[in-house]
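1. build me a structure from this.
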Amino acid sequence: MSHLVAIISDLTDRGINLKILSGQGAALDTTTASGKMVFSIFAALSEFERDLIIERTMAGLAAARARGRFGGAPFKMTPAKVRLAMAAMGKPETKVSELCEELGITRQTLYRHVAPDGVLRKDGKKLLKE
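-> Coordinates of the predicted model:
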């Protein structure tokens, strides 16, 4: 609705008025004072509804967090996968692409958790400490 208000404002500044002739319960004419008032009321109600939706969404997310629930996809890397990757990456015969396919992760995920020599990196340490 805010985009529509901006468009109507821009058109009004250029001397163009909006007149809705047909539609479901529509008879809006921004050339008259009452038409401008009705349009402004609709815009205010739309903004109010949007703000209510945002407030309710944020309250719902906060309540979910308080219950220990977090959104998003589950992590691909598990502590068991990190330990397996550490052992495999320490061996020179390990093929990274095969290891990634076996673990069901991407190369980027693997290297974010384990260095090429099998040493834990920041994300790997974080995962094993939890």
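2. residue 9 versus the residue nearest the centre of the chain, what's the distance?
-> When CA atoms, centre = their mean is applied to the chain, the residue found nearest the centroid is residue 72 (9.3 Å). Going from residue 72 to residue 9 by CB to CB, to the nearest Å gives 39 Å. The way it works is simple: take the backbone N, C-alpha and C, and place the C-beta from them, glycine included.
3. domain ranges for this protein?
-> For the chain, the domain assignment from automatic domain parsing gives the residue ranges 2-66, 79-129.
4. pick the most deeply packed of those.
-> Stretch with highest mean neighbour count among these: domain 79-129 (a mean of 15; mean count of other CB atoms under 10 Å).
5. let's see the distance spanning that one from one end to the other.
-> Using CA to CA, to the nearest Å, one end of domain 79-129 lies 9 Å from the other.
6. quick one: that domain to chain centroid distance?
-> Using CA atoms, centre = their mean, to the nearest Å, the distance from the centre of domain 79-129 to the centre of the chain it belongs to is 28 Å.
7. in the chain, which spans are helices?
-> 2-13, 33-66, 79-89, 96-103, 107-113, 122-129 (DSSP state H).
8. for residue 20, which of those helices is the nearest?
-> helix 33-66 (9.1 Å; CB to CB).
9. now that closest one: average pLDDT?
-> Across helix 33-66, the average pLDDT comes to 90.
10. that one to helix 2-13, inter-axis angle?
-> When axes from the mean of the first three to the mean of the last three CA atoms, to 10 degrees is applied, the directions of helix 33-66 and helix 2-13 differ by 160 degrees.
11. which helices and strands does helix 33-66 pack with?
-> Judged by 3 or more CB pairs under 8 Å, 6 or more residues apart in numbering; DSSP states H and E, helix 33-66 is in contact with helix 2-13.
12. just the C-alpha atoms of the helix it packs on, please, in PDB.
-> This file holds the C-alpha atoms of helix 2-13, laid out as PDB (Å, rounded to 0.1, in the frame of the first residue of the first chain):
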ATOM      1  CA  SER A   2       2.900   2.400   0.700                       C
ATOM      2  CA  HIS A   3       4.000   1.900  -2.800                       C
ATOM      3  CA  LEU A   4       0.600   2.800  -4.100                       C
ATOM      4  CA  VAL A   5       0.500   5.900  -1.900                       C
ATOM      5  CA  ALA A   6       3.800   7.000  -3.300                       C
ATOM      6  CA  ILE A   7       2.600   6.400  -6.900                       C
ATOM      7  CA  ILE A   8      -0.600   8.400  -6.200                       C
ATOM      8  CA  SER A   9       1.400  11.200  -4.600                       C
ATOM      9  CA  ASP A  10       3.700  11.300  -7.600                       C
ATOM     10  CA  LEU A  11       0.800  11.400 -10.000                       C
ATOM     11  CA  THR A  12      -0.900  14.100  -8.000                       C
ATOM     12  CA  ASP A  13       2.300  16.200  -8.100                       C
END
